[in-house]
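A.B. asks: Please find the sequence and the predicted model below.
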Amino acid sequence: MAAHQQLLYHIIFSTKERRPFLQNDTFRESVWAYMAGIARNLDGFAIRIGGYHDHAHLLIRIPAKVAASDFVGKLKANTSKHINESRDAGMKFHWQDGYGAFTVSPSQQDSVIAYIEGQVEHHRKQSFQDEFLLILKRANVEYDPKYIWE
């Protein structure tokens, strides 16, 4: 019998030390588009990618044959490499080492899309740190405060 799965994740990660590398709107949108291409190359599908100056949110379908940690690691590594090769800057770009991954029910897909699309407006009122801690709390994810911010 064939296996039928839909593994939908809300993935969140920041730039290293939450530096605002993604301030330029055009550049930021090009990074999201590049990430979507990498997701396709990894046999995944980016339903929506967005974020703000210092972090990314992805609503993404990851194939069952690939561990989420491997998928996210490859996505971040390829994107960092692309950014560093394509921009002229004195400081090297890095994503943070960790990430948050939260499963999403298909019935919640539209609300997660709206949340990702509203990131610019959302972060006029709330920092990424506060946002991420609230998401962890709502998802009942335990964490050690010593290691949450790298």
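C.D. replies: Perfect, I can see it now.
A.B. asks: Name the surrounding residues that touch the longest helix seen in the chain.
C.D. replies: Taking DSSP state H as the criterion, the chain has its longest helix at helix 68-86. With contacts defined as C-beta atoms under 8 Å, 6 or more residues apart in numbering, helix 68-86 is touched by 7, 9, 11, 13, 21, 31, 34-35, 38-39, 42, 44, 58, 62-63, 92-95, 99, 101. The C-beta positions use only the backbone N, C-alpha and C, and glycine is treated the same way.
A.B. asks: Just those: which are in helices?
C.D. replies: Secondary structure defined by DSSP H assigns 31, 34-35, 38-39 of the contacts of helix 68-86 to helices.
A.B. asks: tell me which residues of the host helix or strand of residue 115 are tucked away?
C.D. replies: Assigned by DSSP states H and E, residue 115 falls within helix 109-117. By neighbour count on 16 or more other C-beta atoms under 10 Å, the buried set for helix 109-117 is 112-113, 115-116.
A.B. asks: so for the helix or strand harbouring residue 48, what's the average pLDDT?
C.D. replies: Residue 48 belongs to strand 45-52 when elements are defined using DSSP H and E. Mean pLDDT, strand 45-52: 97.
A.B. asks: for the chain, where's the lowest mean pLDDT among helices and strands?
C.D. replies: Least confident helix or strand, the chain: helix 145-148 with a mean of 83, by mean pLDDT, DSSP states H and E.
A.B. asks: For residue 127, grab the count of nearby residues.
C.D. replies: 12 (other C-beta atoms under 10 Å).
A.B. asks: any idea how far it lies from residue 15?
C.D. replies: Note on residue 127: its distance to residue 15, by C-beta to C-beta, to the nearest Å, is 14 Å.
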